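In: structure, please.
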Amino acid sequence: MLIAPPARRLAASALAVAGTLLIALAAAAETPSPGPFADIWEREQLTGTWDGLRPYFRNYGVDLKFSLTQYGTGAVSGPGDKSFVYTGRGDIYLNIDGQKLGLWPGLFITSHSQFRWGGSTALIGGQILPVNVGASFPTTSGTEASLSALLVTQAFSQNFFITIGRFDTLDLAESWFTGGYGVTKFMNMSFVAPPVGARLLPATTYGGAATAKVWGGVELTFAVLGSHGSMTDYDIAKSFDNGVTFMGVAKVPWTLRDQRGQVILSGLGSTLKASSLAQTDRVLLNAVFPRLDLAVEEKRGSWMFSALVEQYLMANPANPKQGFGLFLFGAVTDGDPAPIKWAVFGGIGGNSPIPGRWEDTFGIGYFYNGLSSALKDSLAPLARLRDAHGFEAYYNLAVTKWFRVTADVQVVRPSVSGSTATVLTFRGEIRF
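Out: Reported below is the predicted structural model:
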């Protein structure tokens with residue numbers, strides 16, 4: 001990987017996003033003001049209404065959304081390579097309303113397809129967990145495509161529905177101020193999809209869920225999902241080869257001084273069977289020296305509990321869906337076989353408080369991942385592991401409603417011994 005001086009590295013990062021902007025602006029400038037592209041600066045998507053086809057399909061229950069996102073990521077301080085890495089991803093979301101399509105009431109089909117290309121952002125700044133989630137799925141390097149979600153939902157009333165199919169758990173992590181696959185909000189894994197529960201809930205798996213809306217707008221969900229899965233593996237049976245994960249979620253909304261808030265309580269319990277973290281040194285020795293064939297103790301079952309609190313502080317008077325507020329997350333696990341014993345993060349984010357910039361978004365947050373003592377102790381003779389924590393801040397500028405540019409900075413301390421790293425990322429997103 002080519003190593004560039006800091007000035008060239010930052011210039012290259014900015015160039016990836018600036019190039020996307022120039023292409024979009026050139027397309028707009030070459031289009032005569034009269035005609036179907038006259039509203040190009042105001043429309044929601046670059047391609048507009050497709051000469052009326054988009055609203056026509058929506059009337060018949062078919063809604064297609066496509067976005068293209070490009071990144072320039074590099075560490076400017078800390079351990080590891082300092083070269084610039086370019087990556088890109090595309091996301092296609094398809095939503096079908098069965099009743100509008102002429103099938104039957106209450107039927108909904110949703111899917112998420114994604115593809116990724118470019119270099120690898122793994123281990124940038126010496127980090128084990130991804131500092132750029134959007135550039136890390138469905139693969140960490142090279143070119144890969146995936147149908148990460150395909151769900152069929154049947155609503156039996158406005159307050160009860162059942163969903164089955166292929167779940168993308170990173171989509172499930174979407175909330176008001178966090179989540180978003182590293183495309184629209186934070187980029188570090190700790191904010192996008194907290195890794196504290198990754199051992200129990202893979203990025204993609206099969207299963208089913210039932211959701212009920214009860215008193216006061218409270219939403220309760222119970223799901224049964226496979227404990228194993230991969231975005232590039234579509235074998236349903238493999239999802240349940242190593243156990244089942246049970247998930248319960250309760251979303252409780254409230255209003256505080258005319259501003260909305262909510263708490264999301266989650267519980268996970270799994271029957272998965274995995275090597276005990278206290279035996280990690282033996283697992284590594286067996287991998288390096290297979291003839292040793294050291295006995296490794298296995299553990300059956302794992303659990304996690306978490307809570308996410310979000311509270312708006314201010315909303316746009318013209319659009320109550322826009323605003324900014326505070327968020328706080330905490331989680332605890334059994335610590336073995338789950339490699340992270342506990343985790344917290346918190347901060348402020350949402351739409352920009354700058355006057356006239358409600359379409360912009362921002363976020364400032366801090367996270368802390370406490371590693372399992374069993375994992376630390378077992379690897380102590382080989383490597384000194386420590387808890388990982390860090391800070392992230394981003395500002396997402398809405399050049400138009402369909403084109404956005406983000407500057408992101410992270411200051412993170414890696415789990416493996418090493419100095420604190422500063423990572424910069426520039427992101428450009430076009431919504432088609």
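
In: so where do the helices sit in the stretch 301-432 of the chain?
Out: All helices of the stretch 301-432 of the chain, identified by DSSP state H, counting those that start in this stretch, fall at 373-379.

In: how close does the closest residue to residue 365 other than its chain neighbours sit to residue 74?
Out: Using C-beta to C-beta, 6 or more residues apart in numbering and skipping the chain neighbours, the partner closest in space to residue 365 is residue 347 (2.9 Å). The C-beta positions use only the backbone N, C-alpha and C, and glycine is treated the same way. Using C-beta to C-beta, to the nearest Å, residue 347 is found at 23 Å from residue 74.

In: those two: who's more crowded?
Out: Ranked by neighbour count (other C-beta atoms under 10 Å), residue 347 and residue 74 place residue 74 first, with 24 against 20.

In: please identify the helix or strand for that one.
Out: Taking DSSP states H and E as the criterion, residue 74 maps to strand 62-77.

In: pLDDT-wise, which helix or strand of the protein ranks last?
Out: Across the helices and strands of the chain, mean pLDDT, DSSP states H and E gives its lowest value to helix 6-29, namely a mean of 40.

In: list the buried ones in the following helix or strand past that one?
Out: For helix 6-29, the succeeding helix or strand toward the C-terminus, using DSSP H and E, is helix 53-59. Across helix 53-59, burial judged by 16 or more other C-beta atoms under 10 Å covers 54, 57.

In: by contact count, what packs against helix 53-59?
Out: Helix 53-59 sits against strand 62-77, with contacts defined as 3 or more C-beta pairs under 8 Å, 6 or more residues apart in numbering; DSSP states H and E.

In: which strands and helices sit next to the strand it packs on?
Out: With contacts taken as 3+ C-beta pairs under 8 Å, 6+ apart, strand 62-77 sits against helix 6-29, helix 53-59, strand 85-97, strand 421-431.

In: just checking: what are the partner strands of it?
Out: Here strand 62-77 has these sheet partners by DSSP bridges: strand 85-97 (antiparallel), strand 421-431 (antiparallel).

In: could you dump these to JSON lines with distance to residue 45?
Out: Output for the strands paired with strand 62-77, formatted as JSON lines (distance: least, C-beta to C-beta, whole Å):
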{"stretch": "strand 85-97", "distance to residue 45": "12"}
{"stretch": "strand 421-431", "distance to residue 45": "5"}
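
In: any idea how far the closest residue to residue 144 other than its chain neighbours is from residue 64?
Out: Using C-beta to C-beta, 6+ apart and skipping residues adjacent in sequence, the residue nearest residue 144 is residue 138, 5.0 Å away. Distance, residue 138 to residue 64, using C-beta to C-beta: 20 Å.

In: higher neighbour count, those two?
Out: Comparing residue 138 with residue 64 by other C-beta under 10 Å, the one with more neighbours is residue 138, at 20 against 14.

In: helices of the stretch 51-200 of the chain, start to end?
Out: Under DSSP H, counting those that start in this stretch, the stretch 51-200 of the chain gives helices at 53-59, 169-172, 189-192.

In: which other residues reach the longest one?
Out: In other words, helix 53-59. 45, 48-49, 63-64, 100 (C-beta atoms under 8 Å, 6 or more residues apart in numbering).

In: swap in the last one?
Out: Under the criterion C-beta under 8 Å, 6+ apart, residues 129-131, 133, 136, 170, 173, 178-182, 185-186, 195, 343, 345, 363, 365, 367, 369, 390, 392 lie in contact with helix 189-192.

In: so which bits of the helix or strand that it is followed by are buried?
Out: Under the assignment DSSP H and E, the closest C-terminal helix or strand after helix 189-192 is strand 204-213. Neighbour-count burial for strand 204-213 flags 204-207, 209, 211 (criterion: 16+ other C-beta under 10 Å).

In: and residue 259, bridged to which residues?
Out: Residue 259 forms beta bridges with residue 256, as assigned by DSSP bridges.

In: pretty sure residue 133 contacts residue 185?
Out: No - applying C-beta atoms under 8 Å, one finds residue 133 not in contact with residue 185, separated by 10.1 Å.

In: identify the residue spatially nearest to residue 65, adjacent ones excluded.
Out: Using C-beta to C-beta, 6+ apart, the nearest residue to residue 65 is residue 93, at 4.5 Å.

In: hmm, I was thinking of residue 282
Out: Closest residue to residue 282 apart from its sequence neighbours, by C-beta to C-beta, 6+ apart: residue 294 at 4.4 Å.

In: could you tell me what pLDDT the model assigned to the one you found?
Out: For residue 294, the model assigns a pLDDT of 75.

In: measure it to residue 134 for me?
Out: On the measure of C-beta to C-beta, residue 294 and residue 134 end up 39 Å apart.

In: who has more neighbours, the two?
Out: More crowded of residue 294 and residue 134, by other C-beta under 10 Å: residue 134, with 28 against 12.

In: show me where pLDDT drops low in this protein?
Out: Per-residue confidence for the chain (pLDDT under 70) gives these ranges: 1-38, 281, 417.

In: which residue is nearest the middle of it?
Out: The chain has residue 181 as the residue nearest its centroid, 2.9 Å off, counting by C-alpha atoms, centre = their mean.

In: that one is in contact with residue 187, isn't it?
Out: No - between residue 181 and residue 187 there is no contact under C-beta under 8 Å: 9.5 Å.

In: so for these two, which residues contact both of them?
Out: By C-beta under 8 Å, 6+ apart, the residues touching both residue 181 and residue 187 are 133-134.

In: which stretches in the stretch 301-432 of the chain count as strands?
Out: 319-333, 340-351, 361-371, 388-398, 403-413, 421-431 (DSSP state E, counting those that start in this stretch).

In: closest one to residue 260 among those?
Out: Ranking the strands of the stretch 301-432 of the chain by their distance to residue 260 (criterion: C-beta to C-beta) puts strand 319-333 first, at 8.1 Å.

In: thinking again about what came up before, including distance to residue 232, could the strands of the stretch 301-432 of the chain go into a markdown table?
Out: Shown next, in a markdown table, are the strands of the stretch 301-432 of the chain (distance: least, C-beta to C-beta, whole Å):
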| stretch | distance to residue 232 |
| --- | --- |
| strand 319-333 | 27 |
| strand 340-351 | 24 |
| strand 361-371 | 26 |
| strand 388-398 | 27 |
| strand 403-413 | 27 |
| strand 421-431 | 24 |
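
In: and of those, who's closest to residue 224?
Out: The closest of those to residue 224 is strand 319-333. By C-beta to C-beta, the value is 19.5 Å.
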